[in-house]
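Peer 1: Need a 3D model of the sequence below.
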Amino acid sequence: MAIFYFGWSEVISSYYPIQTLLSDDKFLASGNVLTRFGIQLIAVTGFRMKFYSAWKFVEGAMIFSGIGFNGVNYESGEAKWDRLEVIDVPGVDFAQSLRQSVAAWNKTTSLWLRKYIYERVPSPVNLYFTFFVSALWHGFYPGYYMVFMSMAVATAVHRKIRRNVRPWFLAEDGESPGKYKGAYDFFSIVLTHCTMMYFIASFVMLSWEASMRVFRSQYFIGHILAVILYIVLSLGIIRAPKRLPWSKSTDLI
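Peer 2: You can find the predicted model right below:
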């Protein structure tokens, strides 16, 4: 799989080099915002697959060395080799929330952040502080803090959507899927993917000026929508049906 992801990364990046595209003023001013964002989605996919490839190579090395051995499945009798599983690729690509996506991306680091940062800091500050520590761990480029703090706000919005919107798509018991639950799941996957691909631009560009130039070319749509949804959902304009139970999430992100 590592070679597969590496190959696709090279192919996509050869046609759509993400840093070159987002640094090109002509590209940022060409076409319409939807076309540019569509191309950005393709380019970021190639960029993302470089991480898939590297981490899968690491997992393979751990398995060959024996460090990845994680005991035996007593039901099937087969050995488990997922002790140091770094990434769950389907979990990232088909996540229905940012919490799921982040938990599946760099799983060992995500677990460490949850155990030693998130669970030790009072709510609701813990969500933002955890993302801040993650940015600090990456380095001191402004782009890291832009993406991780923006993702913290976006995660808070996704939580509110799940808490207040998702129950409308469940059956009377509040647990079974409703008639249109599949449509909600599909929209959640698309929204999560687009959110990640939008904010990750500053992770790629790193500098404040370059990141702002990209977001300005997209009219700050992602930031504006995140703020509007946060305010609307916080004011209770959209609420979960009273007939359905819901509880406050304690998940990491």
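
Peer 1: Show me the shaky parts of the stretch 1-150 of the chain.
Peer 2: Of all residues in the stretch 1-150 of the chain, none has pLDDT under 70.

Peer 1: where along it do the helices fall?
Peer 2: Assigned helices in the stretch 1-150 of the chain, in chain order: 2-15, 18-23, 25-29, 33-65, 89-93, 98-104, 107-116, 125-138, 142-164 (criterion: DSSP state H, counting those that start in this stretch).

Peer 1: Phi, psi for G174 please.
Peer 2: As for G174, its main-chain torsions (degrees, to the nearest 10) stand at phi 80, psi 10.

Peer 1: Do you know the pLDDT at it?
Peer 2: Looking at G174, its pLDDT is 76.

Peer 1: what's the answer for the one 4 residues further on, then?
Peer 2: On pLDDT, G178 comes in at 87.

Peer 1: hey, C-alpha coordinates of stretch 31-46 in PDB?
Peer 2: In PDB, the C-alpha atoms belonging to stretch 31-46 read as follows (Å, rounded to 0.1, in the frame of the first residue of the first chain):
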ATOM      1  CA  GLY A  31     -11.700  30.900 -13.200                       C
ATOM      2  CA  ASN A  32     -14.200  30.900 -10.400                       C
ATOM      3  CA  VAL A  33     -13.800  30.000  -6.800                       C
ATOM      4  CA  LEU A  34     -15.400  26.500  -7.100                       C
ATOM      5  CA  THR A  35     -13.100  25.600 -10.000                       C
ATOM      6  CA  ARG A  36     -10.100  26.700  -8.100                       C
ATOM      7  CA  PHE A  37     -11.200  24.800  -5.000                       C
ATOM      8  CA  GLY A  38     -11.900  21.700  -7.000                       C
ATOM      9  CA  ILE A  39      -8.300  21.800  -8.300                       C
ATOM     10  CA  GLN A  40      -7.100  22.400  -4.800                       C
ATOM     11  CA  LEU A  41      -8.900  19.300  -3.600                       C
ATOM     12  CA  ILE A  42      -7.100  17.200  -6.200                       C
ATOM     13  CA  ALA A  43      -3.700  18.800  -5.400                       C
ATOM     14  CA  VAL A  44      -4.100  18.400  -1.700                       C
ATOM     15  CA  THR A  45      -5.000  14.700  -2.300                       C
ATOM     16  CA  GLY A  46      -1.600  14.200  -3.800                       C
END
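
Peer 1: Residues in contact with that stretch: which ones?
Peer 2: The contact list for stretch 31-46, computed with Cβ atoms under 8 Å, 6 or more residues apart in numbering, reads 8-13, 16-18, 21-22, 27-28, 30, 193-194, 197-198, 200-201, 204, 217-219, 221. Placement of C-beta: from N, CA and C, glycine included.

Peer 1: And for the spatially closest residue to M62 that is not a sequence neighbour, the neighbour number?
Peer 2: When the adjacent residues along the chain are set aside, M62 lies closest to G68, with 3.9 Å between them (Cβ to Cβ, 6 or more residues apart in numbering). When counting by other Cβ atoms under 10 Å, one arrives at 19 neighbours for G68.

Peer 1: same deal with L225?
Peer 2: L225 sits with 15 neighbouring residues when counted by other Cβ under 10 Å.
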